[in-house]
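Student: Here's a sequence, model it:
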Amino acid sequence: MKAPVESGTEALISLQSDIDDLVPSEALPREVAGDAASVSSFPKVLRRRLDKFFADQNISPKADRTMWVKIFTGLTVLVGSWIALYAFKLDSWGFVGLYLLGGLAQTFLLLNIAHDSNHNAISSLPSVNKTLNYVFDACGISSYMWRILHHRGHHSCINIHGEDDALTGRGIFRFTPYEPRASYHRFQHIYALFFYAMFSLDYVFVRDFEAFFFPTHEYLKRARHPAREYVVLFAGKVFYITYMLILPIVVLRKSPLLVAGAFVLVHLIIGLTVSLVFQTTHTIDSTYFPSDRSTFENGVYHIFATTADYATDNPVVGWLVGGLNHHIVHHLCPFVCHSHYAPLTRIVRETAEEFGIPYRQHPTMTGAIRHHLLLLKQLGNETYS
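Tutor: Take a look at the predicted model:
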């Protein structure tokens, strides 16, 4: 399988000539799998239509006015909440309220700004993307390591066991049929939300250091990280812990227990939200789990088989989750700003329907969450293989 190319609408990979080896039978309906001409033309037509959208509208695939408003709003709420914490003498409830508002702003920034900037999707100027990239570090997460894990450890190997970092269950979860099953996995659909809520805390205090100093993926073991990134790693962590934990105790003289409680509550919100936004796009009961990279000859079909959308007709959901509910378009066009995803999704959906290519989506996010938990239940069952 050839890995998807990560560059705007050029992420659509040219079709290989060997149609018979293109996709497994599970990924395409029988009538389409047997129609070589239709299969071979689908990626080409889809790419042409996606390109044509930007040409016809005479717009850039990067951030538009809507996106810049989101960036301004998110940063203003985050900075404003922390200024207010120190500007006003607040009781415990007022402190927790503003602290949580800052946490919600962090969640919004991670999904809407940091993710896009890490894909160089906000601006054609690398310096702009790199600057906004530090939103990750301001939220306690290494932007450098996240970029490696997300690009090399996810976009190039979607749903491939042992390679896709998003499928790392650490023994707690069985996310694929190829993962060894433990007896406690039969309860994973019950305890999943609890551990998802710990995701952000784990990333801040464990995952980044583990990836730098105790890597498990081969590409991380071979990597030689620039010295500068080690400095940014530790400086970012110190900065985050200082403004989130130390300063409220030292300057505002708030109870350490109160600050620690608010800190944990913020991370429970961030962890649960971010986990569910992403898990519902790849690990649901209708997505495909390739056994290895040779399963597909074409990256477009790999994306359609392993990825699902949800609530694409709900603009509020799309606005809050950074367009990640339009996930097929995101993987086809990762360098395109998410403010363009809605019309691109309509093109993808209509073209897939025209060619008889399975397009996976759930009308609501709650439906997608239910189908994710259903997959966990199936994978935890000893009869599932």
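
Student: quick one: low-confidence parts of the stretch 1-150 of the chain?
Tutor: Within the stretch 1-150 of the chain, the stretches with pLDDT under 70 are 1-40.

Student: burial of Tyr310, as a residue count?
Tutor: A count of nearby residues for Tyr310, using other CB atoms under 10 Å, gives 27. Every C-beta, even on glycine, is put in place using the N, C-alpha and C of the backbone.

Student: again, but for Arg65
Tutor: By other CB under 10 Å, the burial measure for Arg65, its neighbour count, is 8.

Student: Can you show me the helices along the stretch 151-300 of the chain?
Tutor: Secondary structure of the stretch 151-300 of the chain, counting by DSSP state H, counting those that start in this stretch: helices at 188-197, 199-202, 208-213, 218-222, 227-241, 247-250, 256-282, 299-306.

Student: Out of those, flag the one nearest Ala87.
Tutor: Nearest to Ala87, of all those, is helix 247-250, at 13.6 Å by CB to CB.

Student: Okay, and the residue lying farthest from the centre of the chain sits in which element?
Tutor: In the chain, the greatest distance from the average C-alpha position (CA atoms, centre = their mean) is reached by Lys89, at 37.9 Å. Following DSSP states H and E, there is no helix or strand that holds Lys89.

Student: List phi and psi for it.
Tutor: Main-chain dihedrals, Lys89, degrees, to the nearest 10: phi -90, psi 100.

Student: Could you check how far it is from Ser183?
Tutor: Remark: distance between Lys89 and Ser183 (CB to CB, to the nearest Å) = 54 Å.

Student: Repeat that for Ser41.
Tutor: Ser41 is 49 Å from Ser183, by CB to CB.

Student: of those two, who's got more company?
Tutor: Neighbour count, other CB under 10 Å: between Ser41 and Ser183, Ser41 has more, with 14 against 8.

Student: Surely that one is within a strand?
Tutor: No - counting by DSSP: H, G, I helix; E, B strand; the rest coil, Ser41 is not part of a strand but helix.

Student: check contacts around it.
Tutor: Shown in contact with Ser41 (CB atoms under 8 Å, 6 or more residues apart in numbering): Phe355.

Student: how near is the closest residue to Tyr203 other than its chain neighbours to Arg228?
Tutor: Nearest residue to Tyr203, sequence neighbours excluded (CB to CB, 6 or more residues apart in numbering): Ile141, at 5.4 Å. Using CB to CB, Ile141 is found at 17 Å from Arg228.

Student: So these two - more neighbours on which side?
Tutor: Counting neighbours by other CB under 10 Å for Ile141 and for Arg228 shows that Ile141 has the greater number, 23 against 9.

Student: Quick check: phi and psi at that one.
Tutor: According to degrees, to the nearest 10, Ile141 has phi -120, psi 140.

Student: How much space separates it from Val274?
Tutor: Per CB to CB, Ile141 is found 10 Å from Val274.

Student: Quick check: neighbours shared by these two?
Tutor: Joint contacts of Ile141 and Val274 (CB under 8 Å, 6+ apart) are Leu110.

Student: what sits against Leu379?
Tutor: Here Leu379 is in contact with Arg174, Phe175, Thr176, Pro177, Glu179, Arg181, His185, Gln188 (CB under 8 Å, 6+ apart).

Student: nearest to Asn159, of those?
Tutor: Asn159 lies nearest to Thr176 out of the contacts of Leu379, by CB to CB, at 7.2 Å.

Student: That closest one and Leu75, how far apart?
Tutor: 38 Å.

Student: and what of Lys52?
Tutor: 34 Å.

Student: Between these two, which has more neighbouring residues?
Tutor: Taking other CB under 10 Å, Lys52 and Leu75 do not tie; Leu75 has more neighbours (17 against 12).

Student: Counting neighbours, what do you get for Val238?
Tutor: By other CB under 10 Å, 11 other residues sit near Val238.

Student: what sits against it?
Tutor: Counted by CB under 8 Å, 6+ apart, Val238 has zero contacts.
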